[in-house]
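[1] sequence unknown, structure follows:
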């Protein structure tokens, strides 16, 4: 019995040791370190080094969690933007589905070009034409109705090249970066030139970014009581363009703090990166360079979408990290 | 030795039992239940019942944490607003400290009235006069400079009646309500007619509400590079008035979700409460009624600040909870 007693006295310790070993094995197997879809190179190392330097409590670059604000552009930074911005494809589909109620569109540009699938004429209509299409298709409804339109479209629309839902054409390495930052007590915001109400219906399920952490362009809205119920109505009038100079303005207005990390991919992100990295203390600006014609698209200075010219030239002197998609990313999309 | 062995075998269990007892005693002593500064009456009970009903996983009124949005007005809801709005007192002090650089103000209204401490003439200048004072004192600086001005003022200015810093004149029962909601995974926002950049410098330390969870009125801003550094400059032009119809518009723009709980104290909060409680599922609207002339101030339908007339009449038919400050609150300020 004495022998038995001794065994039982050691049993709890034994169980704990066995459990700890199992946990360690599981951990090692399940968590191969942060950013698994990033190649083990200088870019990944620089990101991890930055995060370590602002989060280590004894670091001279330490930033308290409440000030760990990171802002991400969306088109071309978190998801693809070719053959053109996905919101524009949504607008074109909306024009087609609304055309029956608008016979005048058959002979009026830029609507006629959309109905004729005449992409060149649509592009030729320029920013003014796009705005006209956006107003005609995005205004008039309540915000609740518009949210449903976006969700319905995303549920059925498919990308012309990959055949995937648009919300699947997000970058796996960026999903990992968002998770990695949140695990290090960053608060992650999207700051995009796209419509704020086009993004909010799906950013939480796709990126884990809730609606209140999305900043974007917007049209005017108005509060009304319709059929006895308070609703917000979307008006055919521009309110704010969240691009270029508008990005620091939008960040200050919505977030009220200068980010310590900003990520973009185009000249539209220049001012956001500049304002971010001009702040006191350790900061990081990142540009995603689309260099991968095989797995995604390759474009920069000449592209209509995500034109990257001035910001690419300014990267070295500002110390911005330029990600070479073809070389720095092991995978592009989650579905690969 | 056999006896000794047995004792040591039981020792860990004994220690655990003793520790648990100590924790329970500590818990009971330290946490007398939520909302300790609220009287144990119908109002407190209704708030707790609402929170329980939307958070209990098996409740038919269950709301997932991501949708537990609560919005609070500030002036008269979270802190006092007498003898007048604290931001107006800040503006008056700013006019006086800037007057040396503006000799023309000596003979120009409403500036002259401010310099003469002629409160009646200031009030007579009305909304237009206030706006002129606000623009003259709030524009021109960068956002970083303005933040410092607000912090400097709050550090030294004292309330004329209590002699307390303005940030001490917050309502203890409301601080407890904010904490109670956050403990139940609500996200708490301030939605105030006051200037967004007047509030953001102190809401985190005083209320635990970070800058990105503050919605308010704003003037236009512009991004500029000054002396080689990117800054946001405040312009003498109104951008947004976050009051009345503006509150649902501001909430939708900044938060992107309809709240399930809204708290205000004046007709300026009418539309916010209406829009909130018109939503699907269980909702709660709360009005703080200033009934306590002894510990705070008593005012409603006739007051210049926080006029509560139309919203008070609409409360019963909308099921809004009206808090009677004198009867429902055990304490008003934390310093009492």
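    All right, it came through fine. Not measured: the values here are computed from a predicted model.

[2] drop to CA atoms for contacts and neighbour counts, all remaining ones
    Fine.

[3] The residue in the stretch 51-200 of chain A positioned nearest to chain B: neighbour count?
    In the stretch 51-200 of chain A, the residue that lies nearest chain B is residue A:200 (7.2 Å; C-alpha to the nearest C-alpha). By other C-alpha atoms under 10 Å in any protein chain shown, the residues close to residue A:200 number 24.

[4] go on, the one 3 residues further on?
    Counted with other C-alpha under 10 Å, the burial measure for residue A:203 works out to 18 neighbours.

[5] How are the strands of the stretch 101-250 of chain A distributed by residue range?
    Here the stretch 101-250 of chain A has its strands, by DSSP state E, counting those that start in this stretch, at A:187-195, A:214-226, A:229-240.

[6] Pick the most deeply packed of those strands.
    The highest average neighbour count among the strands of the stretch 101-250 of chain A, using mean count of other C-alpha atoms under 10 Å in any protein chain shown, belongs to strand A:187-195 at a mean of 24.

[7] Run through the residues of the stretch 51-200 of chain A sitting next to chain B.
    Contact residues (C-alpha under 8 Å from any C-alpha of the partner chain) of the stretch 51-200 of chain A with chain B: A:66, A:197, A:200.

[8] Any chance of CSV for these, columns pLDDT?
    Shown next, in CSV, are those (pLDDT from 0 to 100):
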residue, pLDDT
A:66, 96
A:197, 97
A:200, 98
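
[9] follow-up on the earlier one: the residue of the stretch 51-200 of chain A closest to chain B touches residue A:211, doesn't it?
    Yes. Residue A:200 lies in contact with residue A:211 (C-alpha atoms under 8 Å); the separation is 4.9 Å.

[10] intersection of neighbour lists for those two?
    residue B:256 (C-alpha atoms under 8 Å, 6 or more residues apart in numbering or on different chains).

[11] follow-up on the earlier one: quick one: closest of the strands of the stretch 101-250 of chain A to residue B:291.
    Closest to residue B:291 of the strands of the stretch 101-250 of chain A, according to C-alpha to C-alpha: strand A:229-240, at 29.4 Å.

[12] Briefly note if the closest one comes near chain B.
    Yes. Under the criterion of C-alpha under 8 Å from any C-alpha, chain B is reached by strand A:229-240 at A:229-232.

[13] tell me the angle of that strand relative to strand A:214-226?
    Interaxial angle of strand A:229-240 relative to strand A:214-226 (axes from the mean of the first three to the mean of the last three C-alpha atoms, to 10 degrees): 140 degrees.

[14] CSV for the strands of the stretch 101-250 of chain A, including mean pLDDT?
    CSV is the format used below for those (pLDDT from 0 to 100):
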stretch, mean pLDDT
strand A:187-195, 97
strand A:214-226, 97
strand A:229-240, 96
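
[15] So which of these is nearest residue A:171?
    Among the strands of the stretch 101-250 of chain A, if distance is taken as C-alpha to C-alpha, the winner is strand A:187-195, at 14.4 Å.

[16] what's the neighbour count on residue A:155?
    So residue A:155, with other C-alpha under 10 Å, has 12 neighbours.

[17] need the contact list for the closest residue to it other than its chain neighbours.
    Nearest-residue entry for residue A:155: residue A:165, 7.3 Å, with adjacent residues in sequence omitted and distances by C-alpha to C-alpha, 6 or more residues apart in numbering or on different chains. Counting by C-alpha under 8 Å, 6+ apart, residue A:165 makes contact with A:154-159.

[18] Tell me where the model's unsure across the stretch 101-250 of chain A.
    Of all residues in the stretch 101-250 of chain A, none has pLDDT under 70.

[19] In contact with the closest residue to residue A:170 other than its chain neighbours, which residues are there?
    Spatial nearest neighbour of residue A:170, chain neighbours left out: residue A:79 (4.0 Å); criterion: C-alpha to C-alpha, 6+ apart. Contacts for residue A:79 (C-alpha under 8 Å, 6+ apart) come out as A:167, A:169-171.

[20] May I have the phi/psi pair for residue A:79?
    Backbone torsions of residue A:79, given as degrees, to the nearest 10, read phi -140, psi 170.

[21] same check, this time on residue A:324
    Dihedral angles for residue A:324 - degrees, to the nearest 10 - are phi -90, psi 100.

[22] Return the residues in contact with it.
    A:288-291.

[23] Please name the spatially closest residue to the spatially most central residue of chain A (chain neighbours excluded).
    Geometric centre of chain A, nearest residue: residue A:74, 3.3 Å, by C-alpha atoms, centre = their mean. The shortest distance from residue A:74 to any non-neighbouring residue, by C-alpha to C-alpha, 6+ apart, is to residue A:192 (5.5 Å).

[24] mind listing what residue A:142 touches?
    With C-alpha under 8 Å, 6+ apart, residue A:142 has these contacts: A:231-234.

[25] Among those residues, which pair sits farthest apart?
    Counting by C-alpha to C-alpha, the most remote pair of the contacts of residue A:142 is A:231 and A:234, 9.9 Å apart.

[26] Could you check how far the nearest residue to residue A:295 once chain neighbours are set aside is from residue A:131?
    Leaving out its chain neighbours, the residue that sits closest to residue A:295 by C-alpha to C-alpha, 6+ apart is residue A:332, at 6.9 Å. Separation of residue A:332 from residue A:131 (C-alpha to C-alpha, to the nearest Å) stands at 31 Å.

[27] more neighbours, these two?
    More crowded of residue A:332 and residue A:131, by other C-alpha under 10 Å: residue A:332, with 22 against 15.

[28] about what we covered before: from the contacts of residue A:79, which is closest to residue B:180?
    The nearest one, if we look at the contacts of residue A:79 relative to residue B:180 and count by C-alpha to C-alpha, is residue A:167, at 36.5 Å.

[29] In this structure that closest one contacts residue A:156, no?
    No. Residue A:167 is beyond contact range of residue A:156, at 11.0 Å (criterion: C-alpha under 8 Å).

[30] So for those two, which sits in the more crowded spot?
    residue A:167 (19 against 10).

[31] so what's that one up against?
    Applying C-alpha under 8 Å, 6+ apart, the residues near residue A:167 are A:79, A:154, A:206.

[32] mind listing the helices for the stretch 201-336 of chain A?
    Per DSSP state H, counting those that start in this stretch, the stretch 201-336 of chain A carries helices over the ranges A:246-254, A:270-277, A:310-318, A:325-328.

[33] Surely residue A:70 is within a helix?
    No. Per DSSP: H, G, I helix; E, B strand; the rest coil, residue A:70 lies outside any helix segment and is strand.

[34] Check it and give its pLDDT.
    Looking at residue A:70, its pLDDT stands at 98.

[35] contacting residues for residue A:326?
    Applying C-alpha under 8 Å, 6+ apart to residue A:326 gives the contacts A:290-292, A:295.

[36] Of those residues - the most surrounded one?
    Highest count within these by other C-alpha under 10 Å belongs to residue A:290, 22 neighbours.

[37] Looks like that residue contacts residue A:300 (just checking).
    Yes. Look at residue A:290 against residue A:300 with C-alpha under 8 Å: they come within range, at 6.8 Å.

[38] Between the two, which contacts overlap?
    Joint contacts of residue A:290 and residue A:300 (C-alpha under 8 Å, 6+ apart) do not exist.

[39] From residue B:80, how far out is the residue nearest to residue A:170?
    For residue A:79, the distance to residue B:80 - C-alpha to C-alpha - is 47 Å.

[40] and residue A:33, how many neighbours?
    A count of nearby residues for residue A:33, using other C-alpha under 10 Å, gives 9.

[41] Also residue A:303?
    Residue A:303 - counted by other C-alpha under 10 Å - has 12 other residues nearby.

[42] For the stretch 201-336 of chain A, what lies in contact range of chain B?
    Near chain B, when you scan the stretch 201-336 of chain A using C-alpha under 8 Å from any C-alpha, you find A:210-213, A:221-223, A:229-232, A:245-246, A:248-249, A:252, A:254-257, A:274-275, A:278.

[43] try 6 Å this time
    Proximity of the stretch 201-336 of chain A to chain B, by C-alpha under 6 Å from any C-alpha of the partner chain, involves residues A:211-212, A:223, A:229-230, A:245, A:255-256, A:275, A:278.
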